[in-house]
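# Sharing a sequence plus its predicted fold:
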Amino acid sequence: SLTLLCLAFLVYSALAAMQTDVIESTVVVAKKKLQCTFSLVVLPNKKVNLKKSKVVCSPRKPKRKKASNVKLIGELGTYLVSLTINPSKIKSVVFEAKENECPTPQECECPSVSESTNTTESTRPFLPESEFDEGPPLLFLGAGGKRVSEIFSLPVLGQGDEQILNPSKTACFIEESPHKSATGSVAFVHNGIFTECGGSVGYNGDYSNIEEDSPYSRDCYSMINFEWIATTPMLTRRYGAASVVLGNGSVLVSGGQEGLPGSPGLRLATTEIYDGSTWTRGTNLPHAVGEHCMLVLPGGDLLMVGGWLGRQGDDVGNYGETSSTFIYSNNSGVWTEKSRMSTPRVYHACVVYNGEVWVGGSGPIDTPYEPYNFVGSVEIYNPAEDIWRDGPNLPYTAFTPGKFVSHGQALIYAGGYDLTSDTDFGKQMHQLNKEKDGWTFIMKTTEARQDFPALVISESECYGVSYSSDGKTGIVSGSILDVLNNLTQTSAEVEVNCCTQGVVSSTKICGNGVSCETICGEQNKEFAILSLTNDASDAELCPLVYKRHFVITTTIYQLNYCTRRVRNVGQLKSYKQCCLHPAVYRRTGMKSKCCSFGLCV
């Protein structure tokens, strides 16, 4: 009896040591797609037990077909399977076991069982809901002639917080501007996508190679997953324009200069409105102007103040700069002139802060042009009372002033450029003190910059991970496109739509070992649109604003091996592409690990 007991124990131990990998995959035979479920039994010696392994495929036809070298990726490893179908039987398996990447919890932060088995799927896959927060706020300082922007992380401030911000450099990186000399551009966030438009394309005194003799651009670029993607250009070339996000989410760009530097007749009074795909003409300004300030007031009306008119007169400074103030009423649709500033201003900093308008600094405003006449004063406008009053002078003056940015109860002044000295005046960042009567130095920046956009964005906007408001589509490009291609290639079959002129022109199949990257042609591999649901229209999948892309219409949840292969942080190292799968990304510790790979999705 003891012998039988020992034998029973050995049999039980051998059975317990077996592991079963259950894998669902699409198998193509005779041009038919079959959905097959493989149950592969792996022995302790890393061999697959063919007798105990099973496969079931549907539909039941075609009959008596063979499939060879079907690649499967399971929780235990990778398999190359040869089988017969209908009747279905596994004939041979080549198995490569996955390495144990988490020998101890201390070595690779293994989550608890409750954490690793949490695979509840969101009803809106791949979208940043509660677990997919937008990340910390970031301060973006545009290139301003240096071609490289700087980005700093900011604390999340509650209402009424007035702490010193102490910004720090962030891992979020925006690559070199596609413009040769990125000054005078506008920047904004529309539907979660950070976009920069217009400005200078570089001027060296020779216009012979510049289209229509203009050094200025109408091009727009959106930052999508670390990469600038050309989007719909503005209707007009603009340098020194102003942009605001309107209450309905659209973007208004106004004024600026269209032609050669120093050509007064080429200042612009036109505006244009961007809805995410197209630009349309808006209401004209009360006069042509560039390097002006435009803001949205708390009630939704627009304020325009200062700027270069490019003409002489009693109402302007020596170089055509103005002190005029206008408000556009959304109710009446009319511009109304208001009280003027005490000083004409151009290139000035401006912001809405605590319900009032702060305006500071200016370019040179008086004769002679040498030496420069800097302006360091600040004026504060109360729109309800139509009154200007003096504010605390800027912490420093420069030929081209810096920019104001508000964040909660904090007001930041940063940047600027001084042509007359070698000082670091422009490489500074200050914060308004609690008494609101002076400035506190908080840090130095790497570069001085001039005529640059500055705004607070979220971490997700910096990375450019974007989703449509209805949750039907998402955009992938840059470094994340590489891992998406890896994910699709090693998954079961993936359906891809190819776009031509805004419509789906063809549908193709990749995956299961075939790359999706060039499935729609070499010219259409810059980025992809993910179909997150099954009811997205052609207009949503193939927007004309994006010229070159392909559409992965297999939803992200159907690329399903990730949930079985990546159950803890240690396993993620070999499957970085699984950062794109929300059921994986949600798990404890995964988000920070994915971000360390540059995949903060």
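Ah, there it is.
# Just the pLDDT for residue 430.
For residue 430, the pLDDT comes out at 92.
# Over to residue 28?
pLDDT, residue 28: 80.
# wait, what's in contact with it?
By Cβ atoms under 8 Å, 6 or more residues apart in numbering, the contact set of residue 28 is 34, 67, 493, 512. In short, each C-beta sits where N, CA and C put it, glycine included.
# change it to 6 Å
Residue 28 sits next to no residue when contact means Cβ atoms under 6 Å, 6 or more residues apart in numbering.
# State the three-state secondary structure for it.
At residue 28 the chain is in strand, as set by DSSP: H, G, I helix; E, B strand; the rest coil.
# What distance do you get for it to residue 431?
62 Å (Cβ to Cβ, to the nearest Å).
# Strands along the stretch 401-550 of the chain, start to end?
403-407, 410-414, 428-432, 439-444, 454-458, 466-467, 473-477, 494-500, 503-510, 527-531, 550-552 (DSSP state E, counting those that start in this stretch).
# I'd like those as a markdown table, with distance to residue 271 and mean neighbour count appended.
Listed next are those as a markdown table, based on distance: least, Cβ to Cβ, whole Å; neighbours: other Cβ atoms under 10 Å:
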| stretch | distance to residue 271 | mean neighbour count |
| --- | --- | --- |
| strand 403-407 | 21 | 21 |
| strand 410-414 | 27 | 24 |
| strand 428-432 | 31 | 22 |
| strand 439-444 | 34 | 14 |
| strand 454-458 | 19 | 20 |
| strand 466-467 | 25 | 22 |
| strand 473-477 | 27 | 23 |
| strand 494-500 | 31 | 19 |
| strand 503-510 | 31 | 14 |
| strand 527-531 | 30 | 23 |
| strand 550-552 | 33 | 25 |
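# Please convert those strands to TSV, extending it with distance to residue 195.
Putting the strands of the stretch 401-550 of the chain into TSV (distance: least, Cβ to Cβ, whole Å) gives the following:
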stretch	distance to residue 195
strand 403-407	18
strand 410-414	21
strand 428-432	24
strand 439-444	27
strand 454-458	11
strand 466-467	11
strand 473-477	13
strand 494-500	21
strand 503-510	24
strand 527-531	15
strand 550-552	21
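# looking at those, which has the lowest confidence?
Among those, strand 466-467 scores lowest, with a mean of 57.
# I'd like to know how far the nearest residue to residue 70 once chain neighbours are set aside sits from residue 494.
The shortest distance from residue 70 to any residue other than its chain neighbours is 4.8 Å, reached at residue 81 (Cβ to Cβ, 6 or more residues apart in numbering). Taking Cβ to Cβ as the measure, residue 81 and residue 494 are separated by 20 Å.
# and what of residue 58?
Counting by Cβ to Cβ - residue 58 and residue 494 are separated by 20 Å.
# Quick check: residue 165 is in a helix.
No. Applying three-state DSSP, one finds residue 165 to be coil, outside a helix.
# pretty sure it is in contact with residue 410, am I right?
Yes. The pair residue 165 / residue 410 is scored as a contact, 5.5 Å apart, by Cβ atoms under 6 Å.
# Between these two, which contacts overlap?
By Cβ under 6 Å, 6+ apart, the residues touching both residue 165 and residue 410 are residue 431.
# Sketch out the helices for the protein, chain order is fine.
Assigned by DSSP state H, the chain shows helices spanning 2-17, 105-108, 113-116, 459-463, 478-489, 538-541, 562-565, 569-572, 582-585, 590-596.
# which stretch in those has the least confidence?
Per-stretch mean pLDDT for the helices of the chain is lowest at helix 113-116 (a mean of 26).
# thought the residue nearest to residue 70 was touching residue 93?
Yes. Between residue 81 and residue 93 there is a contact under Cβ under 6 Å: 5.3 Å.
# Comparing these two, which residue is more hemmed in?
residue 81 (25 against 21; other Cβ atoms under 10 Å).
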